[in-house]
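*Asks:* sequence first, predicted coordinates after that:
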Amino acid sequence: MKNRILLIVFFLLPTLANAQKMINMSKEQLKDKIKGGWAGQTIGVTFGGPVEFKFNGTMINDYQKLPWYDGLLKKAMVNNPGLYDDLYMDLTFVEVFEREGLDAPVESHAKAYANAGYMLWHANQAGRYNILQGIMPPASGHWLNNPHADCIDYQIEADFAGLMSPGMPNTASKISDKIGHIMNYGDGWYGGVYIGAMYSLAMTSNNINYVVNEALKTIPKQSQYYKCMSDVIKWHKMYPDNWKKTWFELQQKWTNDIGCPDGVFAPFNIDATINSAYVVLGLLYGNGDFTQTMEITTRCGQDADCNPSSAGGILGSMLGYKAIPEYWKLGLKDIEDLDFKYTSTSLNDVYEIGTKHALQNIEHNGGKISGNNISIKTQLPATVRFEQSFEGHYPLDKKWIGKNLEDEIELDFDGNGFVIKGESKPKGGSSWDSKSEKSAVVEVYIDGKLNETVKLPAKFTTRRHEICWKYQLSDSNHKIRLKLINPDPEINCYLSELIWYSSKPQQQMTIGTFGPYKKK
């Protein structure tokens, strides 16, 4: 028995030693890394902004120049403030921490972003709508309440969680568990957990391969997200000098979007999994070089501003602000005192606030601060719980509706779930700039039974992203009836498409010599 105990202790000692490892740095070094993280994000989203979702399902070819010049940062900040959702969403949560402390309840974060003045899309907007209707987190991000649960949203907002948790990936995951479920679930949540963990580890390691691999330990191995990131790592080892080969492998295996109604049956893909894969691809093939990382990540396409923002922030936090090449800091000084729109925080502000929050987090998690010296009690990454969105739901078909709901309409489908796309908007106007306080109210009947009475605001910032949806039905024929109960001469309730799901994937179609045939 004694020998067995000694043997167990022998094998545990390395793990315990690593778990308790203290890393020392000065306050100036910590602040430089935090500055690098925030600056890297800002540079990346500005660089990729002009090509955001303009290359869907295709890479940006080498001959197409991606411009960068002195003055571009200020031009974008002033003329296109909506580009910086990667930043102002982060800062919304940072400002809550600053007002209420690091133990601020999730309700404070949820209400702050739900009532903010900025426009939102996908999981963020779906989560906002839910909160405004009284559905609070984590239910606001759950896939049964949010068709965009697997979208990229928290992935692009999780930077703050890692930056305030240097060397402490589990602390970052704990923050992400609380805030990430405001708008996401499953693979959509994992995108933020993984990005946050990479930030955390990048602040205490100079090895990008280590950061990418070690951070992945926070993700459950049975998840599709983990499997996709593992494939990127594997293909990078197989094709270390050819990022395009890995990109093509990703296209073949990992570009099917299941949940997002805008990405199903379309080349558009805002799913967290594939976009995270592009971040990892850029980091691995960039190999610590800021320029190569920016270029490769952006040229992968799809969410081509958010992805280089994540990659640039992670690498920036590793290199530190001072080591980011001067070329990429062109014009940065000119914007560092400008508040990001919809916030009261500038880059210079968050450099200070972020450092303060990181110091508080270090002490709160067993580290020590003595004068200018910091000792961080590092953490071995722990795996978060397993979640899966849209399990047992496979896109089957879609049908164009293309009409305003005047009184009522009936639709039918064979499957186990559906989404009806559309919007309320002012008659003769665009929903994008709508400030109308009016709402359409629609009763949704499924198979003759009232499923919900839904309020559909015409105001863009408070809108419901889709008209209605329902999952986990029996896999059979269903009839949907929508009834408008408050016709209004000033607003339309427009129905665009019906998408429906099956409990089984469609049979794969293979193109043969004489046309398509079903693969047996």
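*Replies:* Thanks, I have it.

*Asks:* any idea how far residue 109 is from residue 127?
*Replies:* According to C-beta to C-beta, to the nearest Å, residue 109 stands 11 Å off from residue 127. For every residue, glycine as well, the C-beta is placed using N, CA and C.

*Asks:* the strands in the stretch 1-150 of the chain, which residues?
*Replies:* Ranges of strands within the stretch 1-150 of the chain are 22-26, based on DSSP state E, counting those that start in this stretch.

*Asks:* should've said the chain
*Replies:* With DSSP state E as the criterion, the chain has strands at 22-26, 368-370, 373-377, 394-404, 408-415, 417-426, 439-446, 449-457, 468-470, 476-484, 491-502, 509-512, 515-518.

*Asks:* now the ones you listed in CSV, with mean pLDDT?
*Replies:* Shown next, in CSV, are these (pLDDT from 0 to 100):
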stretch, mean pLDDT
strand 22-26, 97
strand 368-370, 97
strand 373-377, 98
strand 394-404, 97
strand 408-415, 98
strand 417-426, 96
strand 439-446, 98
strand 449-457, 98
strand 468-470, 98
strand 476-484, 98
strand 491-502, 97
strand 509-512, 51
strand 515-518, 44
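
*Asks:* now distance to residue 67 and mean neighbour count too, for the ones you listed, in a markdown table please.
*Replies:* As requested, the strands of the chain are exported to a markdown table (distance: least, C-beta to C-beta, whole Å; neighbours: other C-beta atoms under 10 Å):
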| stretch | distance to residue 67 | mean neighbour count |
| --- | --- | --- |
| strand 22-26 | 36 | 14 |
| strand 368-370 | 43 | 12 |
| strand 373-377 | 39 | 18 |
| strand 394-404 | 37 | 16 |
| strand 408-415 | 46 | 16 |
| strand 417-426 | 34 | 23 |
| strand 439-446 | 43 | 19 |
| strand 449-457 | 38 | 15 |
| strand 468-470 | 40 | 21 |
| strand 476-484 | 47 | 16 |
| strand 491-502 | 35 | 21 |
| strand 509-512 | 39 | 9 |
| strand 515-518 | 42 | 9 |
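
*Asks:* can you list these in a markdown table and add distance to residue 57?
*Replies:* Shown next, in a markdown table, are the strands of the chain (distance: least, C-beta to C-beta, whole Å):
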| stretch | distance to residue 57 |
| --- | --- |
| strand 22-26 | 42 |
| strand 368-370 | 49 |
| strand 373-377 | 42 |
| strand 394-404 | 16 |
| strand 408-415 | 25 |
| strand 417-426 | 20 |
| strand 439-446 | 33 |
| strand 449-457 | 31 |
| strand 468-470 | 25 |
| strand 476-484 | 31 |
| strand 491-502 | 19 |
| strand 509-512 | 17 |
| strand 515-518 | 20 |
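
*Asks:* which one, of those, ends up nearest to residue 59?
*Replies:* strand 509-512 (22.7 Å; C-beta to C-beta).

*Asks:* how about the strands of the chain, which one is nearest residue 273?
*Replies:* Nearest of the strands of the chain (C-beta to C-beta): strand 394-404, 15.6 Å.

*Asks:* note down every partner strand of that closest one and its orientation.
*Replies:* strand 491-502 (antiparallel) (DSSP bridges).

*Asks:* among the strands of the chain, which is nearest residue 131?
*Replies:* Closest among the strands of the chain, using C-beta to C-beta: strand 449-457, at 13.3 Å.

*Asks:* my guess is residue 235 contacts residue 248. True?
*Replies:* No. Assessed by C-beta atoms under 8 Å, residue 235 is found out of contact with residue 248, at 9.4 Å.

*Asks:* who has more neighbours out of the two?
*Replies:* Neighbours per residue, other C-beta atoms under 10 Å: of residue 235 and residue 248, the larger number sits with residue 235, 22 against 14.
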